[in-house]
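Novice: Have a look; sequence and predicted model below, questions after that.
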Amino acid sequence: MHDSVSIIIRSYNEEEHIGRLLEGIFEQSVKNSEVIIVDSGSTDKTLEIANMFPVIVHEIKPGEFSLILLTELSRIIVMRLITGGIKNSVN
């Protein structure tokens, strides 16, 4: 069994922290990871820094975050339950 993890990070003007955060994530022992950055309209270098890493960047308007994230998380949780049961959807 291969361990994998999906990490969703919301960002808005996080140029001071995003690089260190992503470095820490990619130094973890779980190598099969998917990192999704949901950026709410950063005006600093957040996206430039994030794009230096193997991440998926999704840009949205600041007011869209809650609706989109809840919809996507619900879909992911439902897919996990359908494909693997509750024992496989939680650690």
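Specialist: Yes, it's here. Numbers count the residues shown, from 1 in each chain.
Novice: Could you use CA atoms for every contact and neighbour count after this?
Specialist: Noted.
Novice: Identify the spatial nearest neighbour of residue 33, chain neighbours not counted.
Specialist: residue 5 (4.8 Å; C-alpha to C-alpha, 6 or more residues apart in numbering).
Novice: just checking, that neighbour touches residue 28?
Specialist: No: the pair residue 5 / residue 28 is not scored as a contact, 10.9 Å apart, by C-alpha atoms under 8 Å.
Novice: shared neighbours of those two, anything?
Specialist: Here residue 5 and residue 28 share no contacting residue, scored by C-alpha atoms under 8 Å, 6 or more residues apart in numbering.
Novice: can you tell me the average pLDDT over the host helix or strand of residue 49?
Specialist: In this structure, residue 49 sits in helix 46-50 according to DSSP states H and E. Mean pLDDT, helix 46-50: 96.
Novice: before we move on, the earlier item: what about the residue nearest to residue 33, neighbour count?
Specialist: Residue 5 has 11 neighbouring residues, counting by other C-alpha atoms under 10 Å.
Novice: what sits up against the helix or strand containing it?
Specialist: Using DSSP H and E, residue 5 falls within strand 4-11. Applying C-alpha under 8 Å, 6+ apart, the external contacts of strand 4-11 come out as 30-40, 42, 46.
Novice: what about 7 Å?
Specialist: Residues from elsewhere that reach strand 4-11, judged by C-alpha atoms under 7 Å, 6 or more residues apart in numbering: 30, 32, 33, 34, 35, 36, 37, 38, 39, 40.
Novice: Now, of those, which are buried?
Specialist: The neighbour count (16 or more other C-alpha atoms under 10 Å) marks 33, 35, 36, 37, 38, 39, 40 as buried among those.
Novice: With respect to residue 62, which of the residues you listed is nearest?
Specialist: Lowest distance from residue 62 to those (C-alpha to C-alpha) belongs to residue 40, with 4.4 Å.
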